[in-house]
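One predicted model, sequence on top.
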Amino acid sequence: MSDPTIDAARDVLAESLDNIRRGIAGLTVDQLNAEPAGGETNSVGVIATHALARTRSYMSIAVGAPPPPRDRPAEFRTVAADGFGGRVEDMIGQCLGLLDGVTSTTATATSSNDVVVTRGAAARPHARMRGRS
């Protein structure tokens, strides 16, 4: 049976992930790796990789799934190569797949006891597991 809350969450998530997909569509490897404002900025490839890894982590927490393995520092060393679009599609699929079989009741019951959400100076949400900070 369909859960309207999860269906709405899937729609919002799919739209956001589609923005990442469109953001890299048609870019060459050189464009994916370019640092638009110089060496102190992140490339589009780094931003896409980090955004997808973070989304997958947050979604895992939200639905009570085990956190995926993650090497955050390596995300910022990403160098896009041929096949980068396929890796992006794989991560998008993983993010959306986390909602399969989830109901708003199970997601709320699972996540409310495990996560503390704080807001930093830039008002970006960061989640940390209780007892694991």
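Structure's in. What do you need?

tell me the pLDDT at residue 2?
The pLDDT attached to residue 2 in the predicted structure is 79.

On the three-state scheme, it is what?
Of the three states, residue 2 takes coil under DSSP: H, G, I helix; E, B strand; the rest coil.

Name all residues that make contact with it.
By CB atoms under 8 Å, 6 or more residues apart in numbering, residue 2 lies in contact with nothing. Glycine gets a C-beta too; all of them are placed from N, C-alpha and C.

Remind me which helix or strand the residue nearest to the spatial centre of the chain belongs to.
Most central in the chain under CA atoms, centre = their mean is residue 55, positioned 1.9 Å from the mean C-alpha point. Of the helices and strands defined by DSSP states H and E, residue 55 is found in helix 44-63.

re the thing from before, give me the nearest residue to the residue nearest to the centre of the chain, chain neighbours excluded.
Counting by CB to CB, 6 or more residues apart in numbering, residue 95 is the residue found nearest to residue 55 once chain neighbours are left out, at 5.2 Å.

Could I get the full set of strands for the chain?
Applying DSSP state E to the chain gives strands spanning 115-119, 125-129.

still on that earlier bit, could you list every helix and strand in contact with the helix holding residue 55?
Counting by 3 or more CB pairs under 8 Å, 6 or more residues apart in numbering; DSSP states H and E, the packing neighbours recorded for helix 44-63 are helix 4-24, helix 29-33, helix 72-75, helix 84-97, helix 104-112, strand 125-129.

pLDDT weak spots in the protein?
Under the criterion pLDDT under 70, the flagged ranges of the chain are 1, 106-133.
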